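A.B. asks: sequence and predicted structure are below.
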Amino acid sequence: MRSDFPMADPARTLAPGEVEIIPGDPATGMLLLCDHASNAIPLELASLGLPPEQLERHIAYDIGAAETVRAMARATGAPAVLTSFSRLLIDPNRGLDDPTLVMRLSDGAIVPGNARIDEAGIAARIAHYYAPYDAAINQAVEMAIAAGHPPAIVSVHSFTPYWKAVARPWHVGVLWDRAGELAQPLIAAFQAESDLVVGDNEPYRGGLPGDTIDRHATRRGLPDALIEVRQDLIATPEAAREWGLRLARIVPPCVAALNAAAIA
């Protein structure tokens, strides 16, 4: 779907290593992430050969997710880390050995700038984009642990209202692997909202080996949840900010209850 969010400025140069970091208080007990925040592609790659309308689609970024995370961070005071590059360059929510790390074909769209990329080209994108984002998350997690507040990792994504012409009924979904110690209370909290259809490991299954949650939460034994919001609900900046405030109301009590139970 298309959105009312502005396109990435075509005159803007995307600097290697660029990551959006929102400082926050580790005492909130949370670190917010947005893996697919931007549709920006460096000028020298000429939009990977794609027409502008393709960069407005889900294949390029998670529509509305970035503004949702920014609003949530402002409302809660939690730190946040967001990408500044398109998932079409390289997908930071994939393991380095995942064949979909650099997509050559995405939801029916051939990506010309990725079609003949070689190992050296992939290595350069890892170094310039994937690794700096990964390092920024790692630093935020380690700072929180050093401050005595091991964080719950809360990653926010968005999903398309339709998949292969089939409507997706969920307004929001929570993905999880392992025991889902944070995800299950979150699912219950969303279900308590009378206007929401809530997905439990929908519209996708959680637990992708090597993904962001796996690298930064699962391997450290930190609680985690991946929240998916349907894109038509956050397709304007105003709607995304409203959902950010909604998540700021719903998520922190679940994190606080989990922390209290761990202390007890």
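C.D. replies: Cool, got the structure.
A.B. asks: chain center to the longest helix belonging to the chain: distance?
C.D. replies: Using DSSP state H to define each element, the chain has its longest helix at helix 237-263. Taking the mean C-alpha point of helix 237-263 and that of its whole chain, the gap between them comes to 16 Å (Cα atoms, centre = their mean, to the nearest Å).
A.B. asks: also stretch 26-36?
C.D. replies: Taking Cα atoms, centre = their mean, one finds the center of stretch 26-36 at 11 Å from the center of the full chain.
A.B. asks: quick one: end-to-end length of it, please.
C.D. replies: Distances were taken as Cα to Cα, to the nearest Å; on that basis the terminal residues of stretch 26-36 are 23 Å apart.
A.B. asks: tell me the helices and strands packed up against the longest helix of the chain.
C.D. replies: Using 3 or more Cβ pairs under 8 Å, 6 or more residues apart in numbering; DSSP states H and E, the elements in contact with helix 237-263 are strand 30-34, helix 65-76, strand 152-159, helix 183-191, strand 224-230. (C-beta placed from N, C-alpha, C; glycine too.)
A.B. asks: can you point out the buried residues in the fourth one?
C.D. replies: Of the residues in helix 183-191, those with enough neighbours to count as buried (16 or more other Cβ atoms under 10 Å) are A183, P185, L186, I187, A189, F190.
A.B. asks: before we move on, what about the shortest one?
C.D. replies: By neighbour count with 16+ other Cβ under 10 Å, strand 30-34 contains the buried residues M30, L31, L32, L33, C34.
A.B. asks: that one vs helix 65-76, what angle?
C.D. replies: 160 degrees (axes from the mean of the first three to the mean of the last three Cα atoms, to 10 degrees).
A.B. asks: partner strands of strand 30-34, with direction?
C.D. replies: strand 80-83 (parallel), strand 152-159 (parallel) (DSSP bridges).
A.B. asks: can you redo those strands as JSON lines with mean pLDDT and mean neighbour count?
C.D. replies: Converted to JSON lines, the strands paired with strand 30-34 look like this (pLDDT from 0 to 100; neighbours: other Cβ atoms under 10 Å):
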{"stretch": "strand 80-83", "mean pLDDT": "98", "mean neighbour count": "27"}
{"stretch": "strand 152-159", "mean pLDDT": "98", "mean neighbour count": "26"}
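A.B. asks: make CSV out of these and add distance to P112.
C.D. replies: Converted to CSV, the strands paired with strand 30-34 look like this (distance: least, Cβ to Cβ, whole Å):
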stretch, distance to P112
strand 80-83, 22
strand 152-159, 26
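A.B. asks: tell me which of those lies nearest to L175.
C.D. replies: strand 152-159 (8.4 Å; Cβ to Cβ).
A.B. asks: verify the stated contact: D62 with T160.
C.D. replies: No. Under the criterion of Cβ atoms under 8 Å, D62 makes no contact with T160, lying 9.8 Å away.
A.B. asks: now V141: how far from G206?
C.D. replies: V141 is 19 Å from G206, where distance means Cβ to Cβ, to the nearest Å.
A.B. asks: same question for G29.
C.D. replies: Between G29 and G206 the computed distance is 21 Å (Cβ to Cβ).
A.B. asks: do P237 as well
C.D. replies: Computed as Cβ to Cβ, the P237 to G206 distance reads 28 Å.
A.B. asks: equivalent analysis for A235, please.
C.D. replies: Separation of A235 from G206 (Cβ to Cβ): 24 Å.
A.B. asks: look at those two and report which has more neighbours.
C.D. replies: Neighbour comparison, A235 and G206: the larger count goes to G206, with 22 against 19 (by other Cβ atoms under 10 Å).
A.B. asks: now stretch 96-108 - C-alpha only, PDB.
C.D. replies: Listed in PDB are the C-alpha atoms of stretch 96-108, where the atom choice follows Å, rounded to 0.1, in the frame of the first residue of the first chain:
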ATOM      1  CA  LEU A  96      24.000 -12.800   7.800                       C
ATOM      2  CA  ASP A  97      23.500 -16.200   6.200                       C
ATOM      3  CA  ASP A  98      19.900 -15.700   5.300                       C
ATOM      4  CA  PRO A  99      19.300 -15.900   1.500                       C
ATOM      5  CA  THR A 100      16.800 -12.900   1.800                       C
ATOM      6  CA  LEU A 101      19.500 -10.600   3.300                       C
ATOM      7  CA  VAL A 102      19.600  -8.700   0.000                       C
ATOM      8  CA  MET A 103      16.400  -9.200  -2.000                       C
ATOM      9  CA  ARG A 104      16.700  -9.600  -5.700                       C
ATOM     10  CA  LEU A 105      12.900 -10.100  -6.100                       C
ATOM     11  CA  SER A 106      10.500  -8.700  -3.500                       C
ATOM     12  CA  ASP A 107       6.700  -9.200  -3.600                       C
ATOM     13  CA  GLY A 108       6.700  -9.400  -7.400                       C
END
